[in-house]
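> Quick check, what structure comes out for this input:
(2 chains)
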There are 2 protein chains.
Amino acid sequence: MKIGKGVHLFYFYMLCLVSIQVFVEGRSISLKKPDPDNAAATARWLVAQNSWGVLNTISSDLGGSPFGNVVSFSDGLPDKGKGIPYFYLTALDPTARDALKDPRASLTVSEHTIGTCGKIDPENPTCAKLTLTGKLKLVDQNSTEAEFARSALFSKHSEMKGWPKSHKFEFFKLKIENIFLIDWFGGPKPITLDQYLHLKM
Amino acid sequence: MKIGKGVHLFYFYMLCLVSIQVFVEGRSISLKKPDPDNAAATARWLVAQNSWGVLNTISSDLGGSPFGNVVSFSDGLPDKGKGIPYFYLTALDPTARDALKDPRASLTVSEHTIGTCGKIDPENPTCAKLTLTGKLKLVDQNSTEAEFARSALFSKHSEMKGWPKSHKFEFFKLKIENIFLIDWFGGPKPITLDQYLHLKM
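Prediction:
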C-alpha cells in the first residue's frame, strides 16, 4: 500500500514536536537563553526558568557539614520573576531547622534541568550553572512579602496549596549576597547584586 | 487518500517510543526504580542512574558559607556502580580548592533529573532525593583506585577525555559517612553505610 508524501511529513513533524516538548519536561521555555556575554541576564534566566534547585545549609545534625537538599522555589509569577528565590519549607526538614540556627546558605541551579544543554556534559562550562550565596531568612508570615511569596510559589507549584497544614510550612527567602555564574569557558563571570536585581528582562 | 490502520499504529507506536526515550534525556533507564520500602536500593539507584548532582563544600572564598556546585560524577561502569561517587575536578574551580582545605562535603541528587517523577513536584517526598555527606578526598592519581575512577567517569562522561590538560583535572571521591534519603511520606529513611555499600543490586 502506498501513502502520500504529505502524510509522512505530517507524522515526521509530529514526531519532532513531541521530542521538543518532552525534552523540556512539558514546560514551555518562554524566554530564550540569553547570550553568554550577558551574564546578569543568564543568571536571571536560570532562576526564572528553573522550578527547583539544591538549597545548601550548615548542618546542625552533622557537625557543621555543608548539607544540600532538593527544594522547589520561585522568584515570582511565571515570566514576572524578580530574581529573589522564595521557598516553602517545614522545620520537619533539616534545611529549615539549620537556617533558623545559622542562616548561611546557597541555592544551586543548572541549565541542564531546563533541557537546553543538549548532549553537552552537565559539568561543561557552556551548560550554565549558578550558585546564589547569602542568608536563608524566614519571611514574616503576615507581611505583604509573604503574599508575594505565596503567589510566586503556588502559581508555579500548584500542589503546594494542598500540603498538610500540620507540617507547618512557612515561606523563606534567600537574601542574596554573592552570585557565582559559569556560562562559558574562562571561569566565573563577575556579576554585582545590583546588576542582577535591577536587570530589565 | 486512505491509509491503512497498521501504518497509523506504527506511527503512533513511534511517537510513544520517542516520548519515552526523550523524557529520560536520551539515556535508557536500565534499572527499574526500587520499591520505596527498599531504602538502600533506592539510594543506590539514585546514584547509579544520575550522571550529575550538586557537590557542596565549605566555601573558603565566602566566609565558610555552604557552597553548592554542579558537577558530573560516576560510581562505576554503567550498570556496575558500587555506590561511591567519583569526580573529575580542577582546582581552578572553588569546589576542589575548598575540599583541599576542609574536606567536609555532601552530594545531592534528585529523582527528578532521571525523569521518573512525572508531574509530581520536585519537593514532594515521593519524588526521591538523596544527600550523601562525608569527606571529599583527592584520589592518589597513580593508584588502581584512580584507574577505577577514570573508567567509571570516562565511560559515562566521554567528553571528559578531551578536557584541557592545562586545567589539571584530578580524580576525587566522596568518602560517605551519612546517608539522607527521602523517598516517601514520613521523613528520611534510616540507612547504614554498610546496608548501602553492600547491597546486592
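> Every contact and neighbour count from this point should use C-alpha atoms.
Will do.
> Please enumerate the helices of chain A.
A:5-23, A:39-49, A:94-101, A:144-156, A:193-197 (DSSP state H).
> Where among those is average confidence lowest?
Lowest mean pLDDT of these: helix A:5-23, a mean of 44.
> Any idea which residue is closest to the centre of chain A?
Closest residue to the average C-alpha location of chain A: A:Asn50 at 3.4 Å, with C-alpha atoms, centre = their mean.
> what's around the spatially closest residue to it that is not a sequence neighbour, how many residues?
Taking C-alpha to C-alpha, 6 or more residues apart in numbering or on different chains, and ignoring the residues beside it in sequence, A:Asn50 has A:Ile114 as its nearest neighbour in space, at 6.2 Å. A count of nearby residues for A:Ile114, using other C-alpha atoms under 10 Å in any protein chain shown, gives 18.
> Tell me the spacing between A:Ile114 and A:Glu159.
Distance of A:Ile114 to A:Glu159, computed by C-alpha to C-alpha, to the nearest Å: 20 Å.
> hey, what's the closest residue to A:Lys173 other than its chain neighbours bridged with?
Excluding the flanking residues, the one nearest A:Lys173 by C-alpha to C-alpha, 6+ apart is A:Tyr86, at 4.4 Å. Bridge pairing for A:Tyr86 (DSSP bridges) gives the partners A:Ser74, A:Lys173.
> Report the separation between A:Tyr86 and B:Pro125.
The value you get for A:Tyr86 to B:Pro125, if C-alpha to C-alpha is used, is 19 Å.
> Of those two, give the one with the bigger neighbour count.
A:Tyr86 (27 against 18).
> Surely A:Ile58 is in contact with A:Phe67?
Yes: using C-alpha atoms under 8 Å, A:Ile58 and A:Phe67 qualify as a contacting pair, with a distance of 6.1 Å.
> residues bridging contact with these two, i.e. touching both?
The contact sets of A:Ile58 and A:Phe67 overlap at B:Pro66 (C-alpha atoms under 8 Å, 6 or more residues apart in numbering or on different chains).
> out of these two, which sits in the more crowded spot?
Neighbour count, other C-alpha under 10 Å: between A:Ile58 and A:Phe67, A:Phe67 has more, with 35 against 28.
> how about low-confidence regions in chain A?
A:1-30, A:201 (pLDDT under 70).
> what does stretch A:176-186 contact?
Residues contacting stretch A:176-186 (C-alpha under 8 Å, 6+ apart): A:36, A:39, A:42-43, A:84, A:125-135, A:188-193.
> what about 7 Å?
With contacts defined as C-alpha atoms under 7 Å, 6 or more residues apart in numbering or on different chains, stretch A:176-186 is touched by A:36, A:43, A:125-135, A:188-189, A:191, A:193.
> Would you mark the buried spots in it?
A:176, A:178-184 (16 or more other C-alpha atoms under 10 Å in any protein chain shown).
> got a list of what A:Ile84 touches?
By C-alpha under 7 Å, 6+ apart, the neighbours of A:Ile84 are A:75, A:174.
> switch the cut-off to 8 Å
So A:Ile84 contacts A:75, A:173-176, A:197 (C-alpha under 8 Å, 6+ apart).
> for A:Phe73, same thing?
Taking C-alpha under 8 Å, 6+ apart, one finds A:51-53, A:85-88, A:153 in contact with A:Phe73.
> ok, for it, nearest residue in space, not its chain neighbours?
A:Phe73's closest residue in space is A:Phe87 (C-alpha to C-alpha, 6+ apart), at 4.9 Å.
> likewise A:Thr131?
A:Thr108 (4.4 Å).
> coming back round to it: got a winner among the contacts of A:Ile84 for most neighbours?
A:Asp75 (26 neighbours).
> Wait, it touches A:Lys82, no?
Yes: if you go by C-alpha under 8 Å, A:Asp75 and A:Lys82 touch, sitting 5.7 Å apart.
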